[in-house]
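> Sequence isn't available, so here's the structure alone:
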């Protein structure tokens with residue numbers, strides 16, 4: 001046996017504990033063996049792998065008399081250490097002072113760990129993240145009527161916010177100068193365990209970065225003015241002669257799209273108190289008049305007020321409530337007539353006998369608003385009290401409703417429905433500020449790890465947050481006191497944005513930097529993470545988790561009379577070459593997430609049985625599985641909250657004692673959402 005350095009061709013056999021002549025079995029450079037004709041034989045060497053070698057050539061020559069034959073193969077030597085990222089998510093609400101601790105750093109006693117970096121990243125006001133979702137409305141390539149409307153809606157929102165908050169210009173300039181106008185997927189590459197270029201999400205990242213760059217055009221006054229004019233003209237073209245809007249050009253008018261546009265024109269008119277001439281053409285009144293005529297005619301056409309709607313159940317359906325809620329915005333100028341008026345009277349008449357179970361979640365917050373508008377104040381309060389009593393309040397996700405679920409259909413968007421409930425509380429219970437702020441926090445938490453998906457959802461969320469509760473754009477809303485490592489962190493360069501990112505060099509890292517205390521005096525929230533990156537021996541890495549957790553177990557597959565069974569690997573159930581092993585990983589998350597990377601490291605003595613990469617669907621979860629030389633990777637684009645089990649098989653193909661590494665779980669949108677198992681060793685006997 002001869003071992004060469006792959007880079008220098010130097011003979012480094014002795015570094016691996018192999019001697020020319022030794023009495024210790026398995027460590028002799030030369031070994032004798034016998035081989036019969038057409039037979040085979042096995043020769044074993046025991047290697048002690050050194051630390052300072054990265055790639056070798058193994059050369060084996062068999063010699064008998066004057067004849068010899070040999071083989072050589074290049075082999076990578078993986079380090080027994082790896083860069084580990086431990087993280088703790090930071091989340092602080094208005095009026096709170098909270099302390100967060102990276103336990104593995106604060107209580108670090110390892111003699112083998114080597115510091116790499118210690119990073120604190122915080123946003124003291126999430127309003128800027130919300131604002132950065134505006135380009136997604138402009139970036140939608142669909143030309144349906146609601147999407148075209150939302151492009152115009154985005155321009156109006158941006159323009160009004162810009163007018164009311166000149167500070168936004170400073171914020172934008174700062175983000176641009178600091179290179180922060182990049183995809184959330186691309187941010188903080190140094191804090192992620194895998195380069196973005198190696199993931200299936202690289203295209204999503206490029207799309208998102210292009211979307212972020214559109215901020216430059218959104219905040220340019222001239223561009224904004226032209227865009228408003230062009231989008232309004234485009235919307236006008238999509239209005240059909242009957243007054244309605246098609247889903248797409250060429251289709252008949254769509255009642256749902258038409259009602260959506262009419263409602264939001266009314267909301268903007270209410271928000272701006274009728275001062276909308278800067279945003280709409282001179283034909284606005286004609287457009288609205290025709291649109292109302294179309295919507296009213298559709299109601300006259302499809303609702304027979306004499307029979308089905310006389311039943312209470314029929315009155316409280318989503319279509320009736322949505323129509324009446326929309327018409328309320330325009331009722332002073334265009335009173336409801338015909339069957340629309342009949343529906344209104346039926347709602348008023350039947351309201352006193354309405355039961356909670358008559359309403360969907362959408363119906364609850366719409367009916368509460370309608371009852372208040374129709375002077376049925378006590379009935380409105382009854383619905384609002386029910387909504388508050390059935391809500392769920394969490395420390396890190398704010399207030400939400402478990403019964404508010406995504407489903408098929410126009411009225412079943414969880415995000416849009418939550419925004420609708422927020423609108424109801426803001427209008428009907430404006431003094432319940434804490435509850436309203438907690439509702440806003442839930443919407444923000446969905447953006448943090450999900451994005452809001454559709455242009456309709458994004459428009460609803462941005463509009464509602466900007467017009468509910470306390471202002472998140474005031475000077476006070478950016479303020480926070482940050483004590484890190486016992487010292488107050490000063491970051492004057494980012495006062496405008498409230499964005500803080502500070503990294504400590506390896507030689508300056510100590511246990512005190514494992515603790516950060518944050519005080520948030522004003523409206524809004526502080527969110528982010530504290531990160532510690534260090535090199536450590538694989539078998540000495542301690543487990544770490546945040547809102548997600550991961551555990552890993554190894555089982556030996558044995559054959560019994562009842563078929564194959566799994567036996568947990570312990571000192572009493574050792575492995576040997578040829579054994580099959582099942583690895584089981586159990587993943588838990590307390591929230592829905594997107595863009596999850598699960599990396600399971602593998603001992604050198606294991607060989608995976610399934611080496612083909614591809615998309616899989618198991619246990620109601622879809623993911624892409626990729627097998628690499630030293631790990632198996634799972635890429636999960638959408639992970640609903642819950643518990644999941646991943647299993648796959650190895651075969652033991654070499655004897656020895658090996659580091660089995662760790663299993664790492666990380667959210668690509670929020671690297672502070674990560675977890676990893678502790679390091680382990682495995683022994684495989686001959």
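Good, I have the coordinates. Predicted, not measured: the structure shown is a model, and the values here were computed from it.

> Now do the domain split for the chain, please.
According to automatic domain parsing, the chain is divided into the following domains: 2-76, 80-125+481-538, 126-252, 391-471, 543-686.

> What average pLDDT does the longest one get?
Think domain 543-686. Looking at domain 543-686 alone, the average pLDDT works out to 88.

> quick one on the thing from earlier: need the domains of the chain in TSV (columns: mean neighbour count and distance to residue 361).
(C-beta placed from N, C-alpha, C; glycine too.) Below are the domains of the chain laid out as TSV (neighbours: other Cβ atoms under 10 Å; distance: least, Cβ to Cβ, whole Å):
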stretch	mean neighbour count	distance to residue 361
domain 2-76	12	56
domain 80-125+481-538	18	25
domain 126-252	17	21
domain 391-471	19	5
domain 543-686	17	17
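
> Mind checking these for the one nearest to residue 267?
Distance to residue 267, taken as Cβ to Cβ, is lowest for domain 391-471 among the domains of the chain, at 7.1 Å.

> measure that closest one end to end?
Domain 391-471 stretches 23 Å from its first residue to its last (Cα to Cα, to the nearest Å).

> How far away from the center of its chain is it?
17 Å (Cα atoms, centre = their mean, to the nearest Å).

> One more: stretch 650-667?
28 Å.

> mind listing what residue 576 touches?
Shown in contact with residue 576 (Cβ atoms under 8 Å, 6 or more residues apart in numbering): 652, 655, 684-686.

> Next: residue 268.
Going by Cβ under 8 Å, 6+ apart, residue 268 touches 153, 156, 276, 279.

> Pick out the most distant pair among those residues.
Top of the distance list for the contacts of residue 268 (Cβ to Cβ): 153 and 276, 12.0 Å.

> isn't residue 242 right up against residue 253?
Yes - if you go by Cβ atoms under 8 Å, residue 242 and residue 253 touch, sitting 5.6 Å apart.

> Give the residues shared as contacts by these two.
Overlap of the contact sets of residue 242 and residue 253 (by Cβ under 8 Å, 6+ apart) consists of residue 294.

> Can you give me the neighbour number for residue 299?
23 (other Cβ atoms under 10 Å).

> Is it correct that it falls within a strand?
No - secondary structure assignment (DSSP: H, G, I helix; E, B strand; the rest coil) places residue 299 in helix, not in a strand.

> I'd like to know how far it sits from residue 242.
Here residue 299 is placed at a distance of 14 Å from residue 242 (Cβ to Cβ, to the nearest Å).

> got it, and residue 525?
Distance from residue 525 to residue 242, by Cβ to Cβ: 47 Å.

> With residue 515 instead?
For residue 515 relative to residue 242 (Cβ to Cβ), the value is 66 Å.

> for residue 370, same thing?
According to Cβ to Cβ, residue 370 stands 27 Å off from residue 242.

> do the same with residue 285
Where residue 242 is concerned, residue 285 sits at a distance of 18 Å (Cβ to Cβ).

> ok, now residue 259?
Taking Cβ to Cβ, one finds residue 259 at 14 Å from residue 242.

> Repeat that for residue 380.
Distance from residue 380 to residue 242, by Cβ to Cβ: 35 Å.

> ditto for residue 249
On the measure of Cβ to Cβ, residue 249 and residue 242 end up 14 Å apart.

> repeat for residue 273
For residue 273, the distance to residue 242 (Cβ to Cβ) stands at 30 Å.

> One more: residue 391?
Note on residue 391: its distance to residue 242, by Cβ to Cβ, is 42 Å.
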